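1. sequence first, predicted coordinates after that:
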Amino acid sequence: MSRTQDRLSHTTPSGLAERKPRFLTTSGVAVKGLYRPEDVAGMDYERDLGDPGCYPFTRGIHATMYRGRLWTMRQFAGFGTAEETNERFRYLLREGQTGLSVAFDLPTLMGYDSDHPRAEGEVGVEGVAVSSLADMETLFDGIPLDQVTTSMTINAPAIVIFAMYLAVAEKQGVPFDKLSGTIQNDILKEYIAQNEWIFPPKPSMRLITDIFAYCAEHVPRWNTISISGYHIREAGATALQELAFTLANGREYVRAGIAAGLDVDAFAPRLSFFFNSHNDLFEEVAKFRAARRVWAKLMRDEFGAKNPRSWMLRFHTQTAGCSLTAQQPYNNIIRTTIQALAAVLGGTQSLHTNSLDEALSLPTEEAVRIALRTQQIIAEESGVANVIDPLGGSYYVESMTNQMEEGVWDYFRRIDELGGVIPAIEQGYFQREIAEAAYDYQRRIESGEQIIVGVNAYTIDEETPIPILKIGPEIEAKQRERLARVRRDRNAARVRETLNEVRRAAQDGANLVPPILEAVKAYATLGEIIDELRSVFGEYEEVLIL
Amino acid sequence: MPTATVSQRKIRVLVAKPGLDGHDRGAKVIARALRDAGMEVIYTGLRQTPEQIVNAAIEEDVDVLGISILSGAHNTLVPKILDGLRAQGADDITVVVGGIIPTDDAVRLKELGVAGVFGPGSSLKEIVDFIRTHARRR
């Protein structure tokens, strides 16, 4: 005991010494040891924060936030054939999950059917394989589409997969205005970071505005796009870059919608966002709060939106996959908890928590349950959902929120100087910024400045054996058989006819949703429809940045 | 002790991305690290077929082929690349693989001729050192 006292009294005189030369956030931003009133001098409560549910929504988009309704717990799932994923969906719904989220396999994401040569080895591996309406029917078998909300992570071929979902609803007798959910449909971040593109930017933007227009009229509760920073962050961007690039993309979609002749308030309320939540708790909270404020200002002041719903940035969050370690994987539960907490403190509308085994493989059922329980414990036990924006007014968090916002406006200026988002993509601007940030982060890990527990500190010798979910080659064979049956049993003449209509609409500029809906109902495959579009639109060529 | 002949020629590395996945963070970070370590690095870009990768490795006359794959298709694609190199008499090129590769798959890939497999959390130094010591010599 006296030793402790000695040590304490010993450190007091030299208490000015700090244990590191600089203190950085996960994103490499230097922070001070103490934030004080002068760090938030000049802030005005009504102008800069506002009560929850009030412009500029810094404190949240709803007046009651989680006291009214908890966030939607939405675990992303998909593997194997539609049958396996349907089973996992039913399991998650039984365990108390409140929304579905579909992960598609890579061939589907790239618009290839499961029997395409490029699909070999990838069918059902990273998500569920969907090549035709028959797969979609199986995927949602026994799940009434008017009673769930469904999020679908699909981008380049989003219009086709969305049409399949509409066709399933039609078969279930569910009117389109009862459908609620989200398609990711965010092609700009594909060019910037996630790299699953098919067509060049211009026709890709047209597919998106066709969906905006169709949904404004027919599927009014559908979120037509989920403008995503998640993948930008996973590719190595900083928190600020994630925020700035995502909002810049959002701005670009609004411009495209207006240019396509839509009234901003007809489609802007259906835009939604998707962010990453990484390890640095306060930096993440500041990012979410700044996101809402910047978007509200943009929509009201730059685009003149009148409907307050157009000003509100609603977002889904996923904890950071890139933060998970293969070493000592159980530590990932703790990382995910901190990240989920940041999302909740930041006012997310829905949340996916990653499973502890995801640095190694797709998650097992047990790992997924722990991830879901993490959210339930935060919601029901931690008390953080009792009070709205509990960090509001913190000198540090408010100062960081302001800093984030300023950083976003700076990036907007730089992007505008390059001619806008698409020219900046074509010049490799975002790609280079992200690659540099990724390298910088990795070097901080190499030097030991950034500690990753279990990786560059606190390591152990043995590997921790954990159960792994493996997708065997029999899945691919089974899916090819399913597809062969579809091709055999359908009316080939009707398929050809509907595909011709798709090509015609692609050429003459008519809205593509109705002809694609007809084609999927005739069991034309994803690959066939994409091929028609490709014949008109061409293909995007990667900008190689190293 | 590096001899004059060894130090005269820089190690040439092809960083390749087979499969349909677009996860290029690792490939780009490694490419930069190898370049900073004094190697010559060529990057194929995304979604290359095994044939394209084999041809690029031979045309670029590389000493090392680094395959980055996170799609889970490594058991299908990596053996095809190894076969392709062998068929062209280029199996003296050192092949390393990085990505999410389960341990038993890594064992199998090494049996097939892959020199090293690097999973998540591998340090850049470890990879650079490995390539320096294992690059094919001539």
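-> On my side now, so go ahead. Residues are numbered from 1 along each chain as shown, chains lettered A, B, ... in the order given.
2. which residues of chain B lie near chain A?
-> Proximity of chain B to chain A, by Cβ under 8 Å from any Cβ of the partner chain, involves residues B:19-25, B:28-29, B:31-33, B:35, B:41, B:43, B:45-47, B:49, B:71-73, B:75-77, B:100, B:102-103, B:119-121, B:123-125. For glycine as for every other residue, the C-beta is placed from the backbone atoms N, C-alpha and C.
3. sketch out the low-pLDDT regions of the chain for me.
-> Since no chain was named, I'll use chain A. Where chain A drops to pLDDT under 70, the residues are A:1-15, A:463-464.
4. correction: the question concerned chain B.
-> B:1-8.
5. can you give me the strands for it?
-> Listed in chain order, the strands of chain B (DSSP state E) span B:12-16, B:40-43, B:64-69, B:94-99, B:116-118.
6. in JSON lines: these, plus distance to A:Ile388 and mean neighbour count.
-> Below are the strands of chain B laid out as JSON lines (distance: least, Cβ to Cβ, whole Å; neighbours: other Cβ atoms under 10 Å in any protein chain shown):
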{"stretch": "strand B:12-16", "distance to A:Ile388": "48", "mean neighbour count": "25"}
{"stretch": "strand B:40-43", "distance to A:Ile388": "48", "mean neighbour count": "19"}
{"stretch": "strand B:64-69", "distance to A:Ile388": "44", "mean neighbour count": "26"}
{"stretch": "strand B:94-99", "distance to A:Ile388": "42", "mean neighbour count": "23"}
{"stretch": "strand B:116-118", "distance to A:Ile388": "46", "mean neighbour count": "21"}
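7. now these as TSV including distance to A:Arg270?
-> Shown next, in TSV, are the strands of chain B (distance: least, Cβ to Cβ, whole Å):
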stretch	distance to A:Arg270
strand B:12-16	41
strand B:40-43	39
strand B:64-69	37
strand B:94-99	37
strand B:116-118	43
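8. quick one: which of these is nearest A:Thr138?
-> Closest to A:Thr138 of those is strand B:64-69 (Cβ to Cβ; 29.1 Å).
9. just the C-alphas of that closest one, formatted as CSV.
-> In CSV, the C-alpha atoms belonging to strand B:64-69 read as follows (Å, rounded to 0.1, in the frame of the first residue of the first chain):
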residue,chain,number,x,y,z
VAL,B,64,7.4,-13.2,-57.3
LEU,B,65,3.7,-13.5,-57.8
GLY,B,66,1.6,-12.2,-54.9
ILE,B,67,-2.0,-13.2,-55.1
SER,B,68,-4.6,-11.3,-53.1
ILE,B,69,-7.9,-13.0,-52.7
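10. report the angle between it and strand B:94-99.
-> 20 degrees (axes from the mean of the first three to the mean of the last three Cα atoms, to 10 degrees).
11. still on that earlier bit, are any of the residues of chain B next to chain A buried, and if so which?
-> B:19-25, B:28-29, B:31-33, B:35, B:41, B:43, B:45-47, B:49, B:71-73, B:75-77, B:100, B:102, B:119-121, B:124 (16 or more other Cβ atoms under 10 Å in any protein chain shown).
12. in helices only, show me those.
-> Applying DSSP state H to these, the entries found in helices are B:Arg25, B:Lys28, B:Val29, B:Ala31, B:Arg32, B:Ala33, B:Arg35, B:Asn75, B:Thr76, B:Leu77, B:Leu124.
13. just the closest of those to chain A, please.
-> Closest approach between those and chain A, by Cβ to the nearest Cβ: B:Thr76, at 2.8 Å.
14. surely that closest one and A:Ala119 touch.
-> No: shown here, B:Thr76 and A:Ala119 do not form a contact pair, counting by Cβ atoms under 8 Å, at 10.3 Å.
15. for the stretch 1-150 of chain A, which residue gets nearest to chain B?
-> Closest to chain B within the stretch 1-150 of chain A is A:Gly121: 2.8 Å, counting by Cβ to the nearest Cβ.
16. for that residue, what is the enclosing helix or strand?
-> Per DSSP states H and E: A:Gly121 is located in neither a helix nor a strand.
17. need the contact list for it.
-> By Cβ atoms under 8 Å, 6 or more residues apart in numbering or on different chains, the residues touching A:Gly121 are A:Glu476, B:Gly19, B:Gly72, B:Ala73, B:Asn75, B:Thr76, B:Leu77.
18. give me that answer again for 10 Å
-> Contacts for A:Gly121 were tallied using Cβ atoms under 10 Å, 6 or more residues apart in numbering or on different chains; they are A:106-107, A:473, A:476, B:18-20, B:71-78, B:80.
19. before we move on, what about B:Pro50?
-> B:Pro50 neighbours (Cβ under 10 Å, 6+ apart): B:16, B:18-19, B:67, B:76-85.
20. can you redo those residues as a markdown table with distance to A:Ala286?
-> A markdown table is the format used below for the contacts of B:Pro50 (distance: Cβ to Cβ, whole Å):
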| residue | distance to A:Ala286 |
| --- | --- |
| B:Ala16 | 39 |
| B:Pro18 | 39 |
| B:Gly19 | 37 |
| B:Ile67 | 39 |
| B:Thr76 | 44 |
| B:Leu77 | 42 |
| B:Val78 | 43 |
| B:Pro79 | 48 |
| B:Lys80 | 47 |
| B:Ile81 | 45 |
| B:Leu82 | 48 |
| B:Asp83 | 52 |
| B:Gly84 | 50 |
| B:Leu85 | 50 |
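21. which pair in those has the greatest spatial separation?
-> Taking Cβ to Cβ, no two of the contacts of B:Pro50 sit farther apart than B:Gly19 and B:Leu85, at 17.3 Å.
22. using the three-state scheme, assign A:Thr317.
-> Following DSSP: H, G, I helix; E, B strand; the rest coil, the label given to A:Thr317 is strand.
23. now do the contacts for the residue nearest to it when sequence neighbours are not counted.
-> Spatially, and ignoring its direct neighbours in sequence, A:Thr317 is nearest to A:Ala343 (3.8 Å; Cβ to Cβ, 6 or more residues apart in numbering or on different chains). Listed by Cβ under 10 Å, 6+ apart, the contact partners of A:Ala343 are A:71, A:275-277, A:284-285, A:288, A:315-319, A:349-353, A:375, A:378.
24. export the helix or strand containing A:Ala343 as CSV, just CAs?
-> If you go by DSSP H and E, A:Ala343 is part of helix A:331-345. Taking C-alpha atoms only, helix A:331-345 is exported to CSV below (Å, rounded to 0.1, in the frame of the first residue of the first chain):
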residue,chain,number,x,y,z
ASN,A,331,-11.7,-10.0,-28.5
ASN,A,332,-13.8,-9.0,-31.4
ILE,A,333,-16.9,-9.2,-29.3
ILE,A,334,-15.5,-6.4,-27.2
ARG,A,335,-14.5,-4.3,-30.2
THR,A,336,-18.0,-4.8,-31.7
THR,A,337,-19.6,-3.7,-28.4
ILE,A,338,-17.7,-0.4,-28.4
GLN,A,339,-18.5,0.2,-32.0
ALA,A,340,-22.2,-0.6,-31.6
LEU,A,341,-22.2,1.7,-28.6
ALA,A,342,-20.9,4.5,-30.7
ALA,A,343,-23.6,3.9,-33.3
VAL,A,344,-26.3,4.1,-30.7
LEU,A,345,-24.8,7.2,-29.0
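25. packing partners for the next helix or strand after it?
-> Note on helix A:331-345: by DSSP H and E, the next helix or strand toward the C-terminus is strand A:350-352. Packing partners of strand A:350-352 (3 or more Cβ pairs under 10 Å, 6 or more residues apart in numbering or on different chains; DSSP states H and E): strand A:72-73, strand A:271-277, strand A:315-319, helix A:331-345, helix A:365-380.
26. I am finished for the moment; much appreciated.
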